[in-house]
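Trainee: Below: sequence and its predicted model.
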Amino acid sequence: MTRFPYDQFAKDYLQELLQPLGKVETSRKVSAEIREIDVYFAPTSPATSDKIELGLLGKIASAPVLIEPFRNAATIAEIRSCMNKLFDIFAQIKRQAKVDNNRVAESELPRLWILSPTASESILEGFRTSEDLENWEIGVHFLGNYFRTAIVAIHQLPCIEETLWLRILGKGRVQQQAIDELEELPPENPLRAKAIDLLLSLKTTLEVNQNIDAEDRDLIMRLSPIYEQKLAEAKQEGIQEGIQEGIQEGIQAERRKLIENLLRFRFGSLDTELTRIVEPLLALSPEEFTPLLLQLSREELLDRFL
């Protein structure tokens, strides 16, 4: 997959899922070289049920974080580049704290999360990563404490509900399995609808791109039945709305006919002045306008509704 469509999808996807929990910035610029952080997130409240629904992603988002998602396995140079952005942020925070005459503890600094569809043993060993299986899932690899960086090897994550929202950002069979699980969620799940809409938007972007690979085509094929289902649902909703609109139009036509007949019955004909009061009378229910038309004089009706 070309990098741009996936990058945009990943930023939009993470923004949609994290927005209810705090402040999300995408493409945040850092340093004089104008490097950009894909996603910078800061929670605005303590842990909530929203975080629980997001599982592992919600746990990651329980504190300020930089999130850098990759479509292809993050290389040594790309990981170092992400860490440079993190250190630039540290410098910004320290400078601001000095201006404000505050102190910033190490634990208050944001953590960098690199989301990589795969990660080789040589990469993980080269950065001296370690796992914390008592507190985190398999596939979450931490660098030394002072680096405040973790690499999530998405292909290593267990196929459980808690990891679903990260596995959506995976690749190949891992992503397709996650899409299967996404479809199985209850239709009323708001995160399901958001994720599917963003995936279908990605599908559309890929289809107009000339430079796609076999995995892109597989993803397009996997998303096509979901797209067709969405079209069918939209068409059915349109039919239902059309039926409802037709019923309402029919009711209004019958009420108009009733009002006009009552006016003719009372006053012999429907002249220009009486015609002008038909619309205001339509705003009333039959129980309200019928006694008025039968009891009020022509002058009283004109005074009241004109």
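Mentor: Noted; the coordinates are in hand. Note that the coordinates shown come from a computational prediction; the quantities given were computed from them, not determined experimentally.

Trainee: Strands of the protein, residue ranges please.
Mentor: The residue ranges that make up the strands of the chain, judged by DSSP state E, are 22-30, 35-43, 65-69, 111-116, 130-131, 140-142, 149-153.

Trainee: any low-confidence regions in the chain?
Mentor: Within the chain, the ranges that satisfy pLDDT under 70 run 1-4, 28-35, 45-52, 208, 210, 234-248, 250-251, 254, 265.

Trainee: May I see the domains of it written out as residue ranges?
Mentor: In terms of domains, the chain is parsed into 3-183, 250-305 (source: automatic domain parsing).

Trainee: Just name the most buried of those.
Mentor: When you average the neighbours per residue for each of those (mean count of other C-beta atoms under 10 Å), domain 3-183 leads with a mean of 17. Placement of C-beta: from N, CA and C, glycine included.

Trainee: one step back: could I get the domains of the chain as TSV with distance to K203?
Mentor: Shown next, in TSV, are the domains of the chain (distance: least, C-beta to C-beta, whole Å):
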stretch	distance to K203
domain 3-183	10
domain 250-305	40
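
Trainee: Could you give the bridge partners of the nearest residue to L124 once chain neighbours are set aside?
Mentor: Take L124 and drop its neighbours on the chain: the residue closest to it by C-beta to C-beta, 6 or more residues apart in numbering is H141, 5.4 Å away. Under DSSP bridges, the beta-bridge partners of H141 are E131, I151.

Trainee: which residues touch the residue nearest to V278 when sequence neighbours are not counted?
Mentor: Take V278 and drop its neighbours on the chain: the residue closest to it by C-beta to C-beta, 6+ apart is I259, 5.5 Å away. With contact set as C-beta atoms under 8 Å, 6 or more residues apart in numbering, I259 has these partners: V278, L281, L282, F289, L293.

Trainee: Sort out for me which of these are in helices.
Mentor: Judged by DSSP state H, the contacts of I259 include V278, L281, L282, F289, L293 as members of helices.

Trainee: For the last one, give its distance to I123.
Mentor: Counting by C-beta to C-beta, to the nearest Å, the gap from L293 to I123 is 83 Å.

Trainee: Helices along this structure, start to end?
Mentor: 3-18, 49-53, 55-60, 76-99, 121-126, 164-167, 172-184, 190-207, 214-267, 272-276, 278-282, 286-295, 298-305.

Trainee: so how far is the third one off the chain centroid?
Mentor: Distance of helix 55-60 from its chain centroid, counting by C-alpha atoms, centre = their mean, to the nearest Å, is 16 Å.

Trainee: Identify the residues contacting that helix?
Mentor: The set of residues that contact helix 55-60 without belonging to it, under C-beta under 8 Å, 6+ apart, is 17-18, 21, 50-52, 67, 113, 136-137, 140, 157, 161-166.
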